[in-house]
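In: test case, fold it:
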Amino acid sequence: MSTTITRNRLAVVAAAASIALLAGCSSSDDSSDKSSAASCAPAKGKVTLQYWNTVNGMDKVVDLWNKSHPNIQVQTKNISNDQYGAIGNALKAGKAPDLAQVGYDELPTLRSQDAFVDASACKTAAAAKSKFVPWTWSQSSFGDTGVFALPQDTGPMAMYVRTDLFKKYDVAIPTTWDEYLTAAQKLHKADPKLTITFFDPNNAEWFNGLLWQNNANMYSYSGDKWHVTVESDKSKQVADYWQKLISDKLVRTDVANGSTQMYAAYQDNQIATQIGAAWGYTGLRDNLPKQAGKWSIVPMPTWGADGTSGDWGGSTVAFMKGSKHLYESAEFNNWLNTDPEALAMENELGGLYPAANDGLKLPALSKGVPYYNNQKIFDVFADSSKKIDTDFSWGPTQKTVNLALQDAIAKAAGGDGTLSDALATAQAAALKSMKDLAIPATAGK
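Out: Sure, this is the predicted structure:
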């Protein structure tokens with residue numbers, strides 16, 4: 001796959017999203033130019049920035065910055081309990097922070113709400129492009145129309161495995177989804193209290209990662225309109241597969257990712273794997289210390305010979321509207337997401353898998369991790385990252401679509417409809433939400 005081709009395609013799609021959103025959300029007499037860069041003059045005297053995020057240990061990273069930058073101090077606030085609710089309420093009240101962690105899939109929706117400021121007038125921000133993995137920059141800059149955020153991390157997916165349980169029941173670790181189903185059946189038969197994994201019914205983003213792996217592109221843009229393909233055949237293949245696991249009670253649907261109940265189930269040897277992302281490696285380590293040495297990380301089971309992988313999550317640090325200190329925000333944002341010492345701390349404390357090119361070369365990412373029996377787990381994630389379909393793109397109303405998908409998935413997990421029905425619901429939500437914003441869209445195949 002050509003890096004140049006995929007980079008250009010993502011740029012076109014991102015730019016199209018930006019243009020369509022602004023056309024749909026601005027009145028004809030709106031003289032403001034949301035794409036023009038804001039002023040980037042340094043402040044006179046000491047400045048204090050507000051930075052909101054959801055990353056464990058980020059306060060310690062910020063402390064590192066504050067010690068060496070007495071004139072640009074940063075106060076951090078963890079908003080993991082209600083990330084987008086907190087950001088949305090702050091924007092409505094005119095009290096948004098200078099910087100905020102925003103997922104790639106949430107960027108288009110917040111852009112439509114005029115939530116960001118263009119920092120491309122800041123040399124530090126404008127020159128940062130070459131420092132990041134190309135597809136992450138294309139998504140965060142809306143196709144080179146400005147610099148609204150700097151990439152922070154990505155979420156290449158893999159499979160976390162309780163190798164001791166597979167060995168105990170003489171079940172081979174699966175490499176394909178067909179083998180995964182067989183393994184699920186064997187494990188559950190050997191121990192009726194044991195399931196191979198759990199299906200989080202309230203996590204559309206995780207489900208999107210599963211679709212991504214199967215090259216189930218949800219959107220494309222051509223002919224000056226969006227083509228919505230949320231319920232494509234490839235999407236239905238994923239939905240039908242997991243529906244079978246749910247219907248046959250081979251996976252649990254009563255636990256949420258990262259919940260106390262999830263860790264309790266793992267602690268009681270009731271779940272044997274987790275389909276997760278790179279940033280999740282610290283969760284098991286920090287919450288299940290007694291299981292050190294029992295876990296390994298292997299590639300996701302695959303659908304075909306191409307061995308593609310998926311991405312779940314990943315975030316940017318966005319320049320929020322209303323900030324009076326854009327220059328200082330750009331300086332901190334660049335340091336936070338490119339400085340080797342900062343990136344190493346973010347990976348160690350919060351599990352972030354860097355979006356910066358140099359971050360992928362961190363010494364810590366080439367070493368064995370004690371909790372995982374000294375396995376070089378980041379080699380697995382690095383390989384996964386190379387196999388992610390970079391043609392995958394988010395729609396301009398992704399937040400609305402995710403909410404509709406999540407609600408329908410939860411109903412399906414409870415026996416009301418199927419996961420394929422949930423895809424149809426999400427498709428309809430995508431088309432309606434775009435129509436409501438006067439964004440040209442049509443159902444595609």
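In: drop to CA atoms for contacts and neighbour counts, all remaining ones
Out: Noted.
In: okay, strands next: where are they in the protein?
Out: Secondary structure of the chain (DSSP state E): strands at 47-53, 72-78, 99-103, 149-162, 197-198, 219-222, 225-228, 251-252, 273-277, 295-298, 311-319, 353-354, 441-443.
In: and residue 418, which of the ones you listed is closest to it?
Out: Within the strands of the chain, the stretch nearest residue 418 is strand 251-252; the backing value is 15.1 Å (CA to CA).
In: the closest one pairs with which strands, parallel or anti?
Out: strand 197-198 (parallel) (DSSP bridges).
In: grab the nearest non-local neighbour of the residue nearest the centre of the chain.
Out: In the chain, the centroid-proximal residue (CA atoms, centre = their mean) is residue 313; its distance is 1.2 Å. Residue nearest to residue 313 in three dimensions, not counting chain neighbours: residue 155, with 5.2 Å by CA to CA, 6 or more residues apart in numbering.
In: again, but for residue 213
Out: residue 310 (4.0 Å).
In: pretty sure the one you found is touching residue 391, no?
Out: No. The pair residue 310 / residue 391 is not scored as a contact, 11.7 Å apart, by CA atoms under 8 Å.
In: who has more neighbours, the two?
Out: residue 310 (28 against 19; other CA atoms under 10 Å).
In: quick one: contacts for that one?
Out: 156-157, 209-214, 384, 387-389 (CA atoms under 8 Å, 6 or more residues apart in numbering).
In: what's the answer for residue 202, then?
Out: By CA under 8 Å, 6+ apart, the residues touching residue 202 are 256, 406-407, 409-410.
In: who wins for neighbours among these?
Out: Counting neighbours by other CA under 10 Å, residue 409 leads those with 30 neighbours.
In: what's the spacing between the residue nearest to the centre of the chain and residue 259?
Out: 17 Å (CA to CA, to the nearest Å).
In: quick one, helices of the stretch 51-200 of the chain?
Out: Here the stretch 51-200 of the chain has its helices, by DSSP state H, counting those that start in this stretch, at 58-68, 83-92, 107-112, 123-126, 134-140, 163-168, 177-190.
In: about what we covered before: for the residue nearest to residue 313, give me its contacts.
Out: Counting by CA under 8 Å, 6+ apart, the residues that residue 155 touches are 277-279, 311-314, 353.
In: what is the neighbour count of residue 277?
Out: 26.
In: please disregard the earlier target; I meant residue 64.
Out: Residues near residue 64, counting by other CA under 10 Å: 14.
In: ok, it to residue 324 distance?
Out: From residue 64 to residue 324 the distance is 23 Å (CA to CA).
In: just residue 411 next, same as before
Out: Distance from residue 411 to residue 324, counting by CA to CA: 45 Å.
In: residue 216 contacts residue 228, doesn't it?
Out: No. Applying CA under 8 Å as the test, residue 216 and residue 228 come out as separate, 11.3 Å apart.
In: if we can go back for a sec, so which of the contacts of residue 310 comes closest to residue 331?
Out: residue 156 (27.6 Å).
In: now do the contacts for that closest one.
Out: 277-278, 309-312, 381-382, 384-385, 388 are the contacts of residue 156 under CA under 8 Å, 6+ apart.
In: what do you get if the cut-off is 6 Å, keeping everything else the same?
Out: Shown in contact with residue 156 (CA atoms under 6 Å, 6 or more residues apart in numbering): 277-278, 311, 381, 384-385.
In: now the residue nearest to residue 177 when sequence neighbours are not counted: how far from residue 181?
Out: Closest residue to residue 177 apart from its sequence neighbours, by CA to CA, 6+ apart: residue 301 at 5.1 Å. Applying CA to CA, the value for residue 301 to residue 181 is 10 Å.
In: over to residue 167?
Out: In this view, residue 167 and residue 181 are 17 Å apart by CA to CA.
In: for residue 196, same thing?
Out: Taking CA to CA, one finds residue 196 at 9 Å from residue 181.
In: of those two, which one has the most company?
Out: residue 196 (25 against 17).
In: what's near enough to touch that one?
Out: 184, 271-273.
In: who wins on neighbours among the contacts of residue 155?
Out: residue 278 leads the contacts of residue 155 on contacts (other CA under 10 Å) with 31 neighbours.
In: what sits against it?
Out: Counted by CA under 6 Å, 6+ apart, residue 278 has contacts 155-156.
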